[in-house]
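S.K.: only geometry, no sequence info:
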């Protein structure tokens with residue numbers, strides 16, 4: 001039976017402790033208890049307000065720290081206590097000029113062009129034409145025993161790869177042309193197929209990653225290496241954060257390294273590609 005209140009009862013005689021009243025005649029839970037219970041359940045609900053258009057969708061779910069009070073910074077920087085930028089050596093290659101590089105281009109080739117956002121590399125149109133470049137200097141003590149160095153390339157291909165070979169290497173050798181057994185870790189792209197590559201100065205190890213640029217243009221794959229220098233060293237090769245190969249033999253034992261990039265066309269057709277980012281990161 002519903003309880004009907006007369007509209008003529010003055011509001012001042014209503015109990016001020018309404019929260020102590022039961023919710024209904026069939027549930028003796030007090031209103032105040034129900035409120036506390038529902039608020040607690042809501043606070044403990046990890047999915048609350050995360051739906052599209054709801055309040056935390058743009059705060060907690062977003063990568064951008066946009067809350068003025070910074071009340072949820074910890075949601076964005078979950079690993080802040082374990083990852084501190086100043087504890088790492090980090091380097092990026094800015095493609096604003098080629099002043100810090102030496103180039104090697106044979107007849108028919110063209111010099112690489114730095115466009116700021118990326119480096120443009122193009123071979124000549126005759127089989128055997130190549131375009132290479134390397135840093136003038138090397139990173140001293142880039143590798144340290146027992147510590148993992150991350151090396152990453154972001155590239156794009158502007159036409160069909162056809163018969164061509166691309167090199168993306170960190171190597172201890174400054175010699176031209178590239179000697180494939182020279183000490184290095186990196187990627188070798190053969191006719192569009194991506195291979196993991198390493199060498200110890202006498203023997204090269206190549207592993208097919210199973211990943212290909214063919215049959216058409218693919219932009220911005222991230223080719224990453226995690227290299228641990230030393231007697232128990234390894235090189236792990238990733239494409240878009242998926243592990244594709246692991247080398248534990250035929251690894252470089254240098255602690256210094258040059259960056260070496262370039263391409264060779266193996267038919268009478270020019271080939272071009274862009275290198276958008278080269279990143280190095282290692283704990284101090």
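M.R.: Perfect, thanks for sending it. On a predicted model such as this, the values are computed, not experimentally measured, just so you know. Numbers count the residues shown, from 1 in each chain.
S.K.: phi and psi next, for residue 43.
M.R.: phi -60, psi -30 (degrees, to the nearest 10).
S.K.: number of nearby residues for it?
M.R.: Burial of residue 43 is recorded as 8 neighbouring residues (other CB atoms under 10 Å). Where you see a C-beta, it was placed from the backbone N, CA and C, and this is true even at glycine.
S.K.: how near is the residue lying closest to residue 175 once chain neighbours are set aside to residue 132?
M.R.: Using CB to CB, 6 or more residues apart in numbering and skipping residues adjacent in sequence, the residue nearest residue 175 is residue 182, 6.9 Å away. Applying CB to CB, to the nearest Å, the value for residue 182 to residue 132 is 13 Å.
S.K.: ok, back up a step: might one say that the residue nearest to residue 175 is in contact with residue 201?
M.R.: Yes: assessed by CB atoms under 8 Å, residue 182 is found in contact with residue 201 at 6.7 Å.
S.K.: quick one, which of those two is more surrounded?
M.R.: residue 182 (20 against 16).
S.K.: what average pLDDT does the helix or strand harbouring residue 104 get?
M.R.: In the assignment (DSSP states H and E), residue 104 maps to strand 101-105. The average pLDDT for strand 101-105 rounds to 91.
S.K.: list the contacts of it.
M.R.: Contacts with strand 101-105, where a contact means CB atoms under 8 Å, 6 or more residues apart in numbering, come from 111, 112, 130, 131, 132, 133, 134, 135, 136, 176, 177, 262.
S.K.: buried subset of these, written for PyMOL?
M.R.: In PyMOL, this line selects whichever of these come out buried by 16 or more other CB atoms under 10 Å:
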select buried, resi 112+130+131+132+133+134+135+262
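S.K.: which one of the contacts of strand 101-105 is nearest residue 237?
M.R.: Relative to residue 237, the closest of these is residue 262; by CB to CB it sits at 19.2 Å.
S.K.: could you chop this structure up by domain?
M.R.: Using automatic domain parsing, the domain ranges for the chain come out as 11-71, 85-283.
S.K.: right, I'll call it a day here.
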